[in-house]
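Engineer: Sequence first, predicted model second:
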Amino acid sequence: MLIVGSIVIRVEDLDDQIAFWTRALDYVVREPRGDDFALLSPRAGSGPNLSLDAVPSERVLPPRIHLDLYAEDWRADIERLLGLGAARVEWSRMPPDADYVIMEDPEGNRFCVIDAAEWPGWARVGARE
């Protein structure tokens, strides 16, 4: 059986991206950390690792893959992420009753924040114990 062990994001500034993602997800850096690669793991509970790989890559929009982050307190988490340096992404096709918002980290890597209240049973999918 296979499981998702780590999701890899290409980054330009490894230190800045470590600072953003560890605070955004309450993850910690797994040591030893390399000069061009860092593995972030959940501080508590379970869930996939997030790997940050400092390798130049071309940004493609829309991205072929992105993270969906489930939020218990959707509006508060959106505001918290904005305070950490994330930005909202406007999309002309966003439904008026959307249960998600599109965001990007300080380097433009996109992710969605999903209102978990709209997804019964979400806690069984990788939530912390």
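Structural biologist: Ah, there it is.

Engineer: Only C-alpha atoms from now on, for both contacts and neighbour counts.
Structural biologist: Fine.

Engineer: May I see the buried residues of the helix or strand where D16 lies?
Structural biologist: According to DSSP states H and E, D16 maps onto helix 14-25. Neighbour-count burial for helix 14-25, counted by 16 or more other C-alpha atoms under 10 Å, picks out 14, 17-18, 20-22, 24.

Engineer: so what are the domain limits for this structure?
Structural biologist: For the chain, the domain assignment from automatic domain parsing gives the residue ranges 1-58, 66-121.

Engineer: what about the longest one, distance to the chain center?
Structural biologist: Using C-alpha atoms, centre = their mean, to the nearest Å, we find the averaged C-alpha position of domain 1-58 to lie 10 Å away from the chain's own average C-alpha position.

Engineer: what does the shortest one give?
Structural biologist: In terms of C-alpha atoms, centre = their mean, the centre of domain 66-121 is set 9 Å apart from its chain centre.

Engineer: Would you mind checking the average pLDDT for it?
Structural biologist: For domain 66-121, mean pLDDT rounds to 92.

Engineer: what do you get for stretch 43-57?
Structural biologist: Computed over stretch 43-57, the mean pLDDT rounds to 91.

Engineer: May I have that stretch exported as PDB, CA atoms only?
Structural biologist: Extracted in PDB, the C-alpha atoms of stretch 43-57 (Å, rounded to 0.1, in the frame of the first residue of the first chain):
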ATOM      1  CA  ARG A  43       4.400  19.300  15.300                       C
ATOM      2  CA  ALA A  44       1.800  16.900  16.700                       C
ATOM      3  CA  GLY A  45      -0.500  14.300  15.300                       C
ATOM      4  CA  SER A  46      -0.300  13.000  11.800                       C
ATOM      5  CA  GLY A  47      -0.400  14.200   8.300                       C
ATOM      6  CA  PRO A  48       1.900  14.400   5.300                       C
ATOM      7  CA  ASN A  49       5.300  16.000   5.400                       C
ATOM      8  CA  LEU A  50       5.900  19.200   3.400                       C
ATOM      9  CA  SER A  51       9.300  19.300   1.700                       C
ATOM     10  CA  LEU A  52      10.700  22.600   0.500                       C
ATOM     11  CA  ASP A  53      13.200  22.300  -2.400                       C
ATOM     12  CA  ALA A  54      15.300  25.300  -3.300                       C
ATOM     13  CA  VAL A  55      15.600  24.600  -7.000                       C
ATOM     14  CA  PRO A  56      14.800  27.200  -9.700                       C
ATOM     15  CA  SER A  57      11.600  26.300 -11.600                       C
END
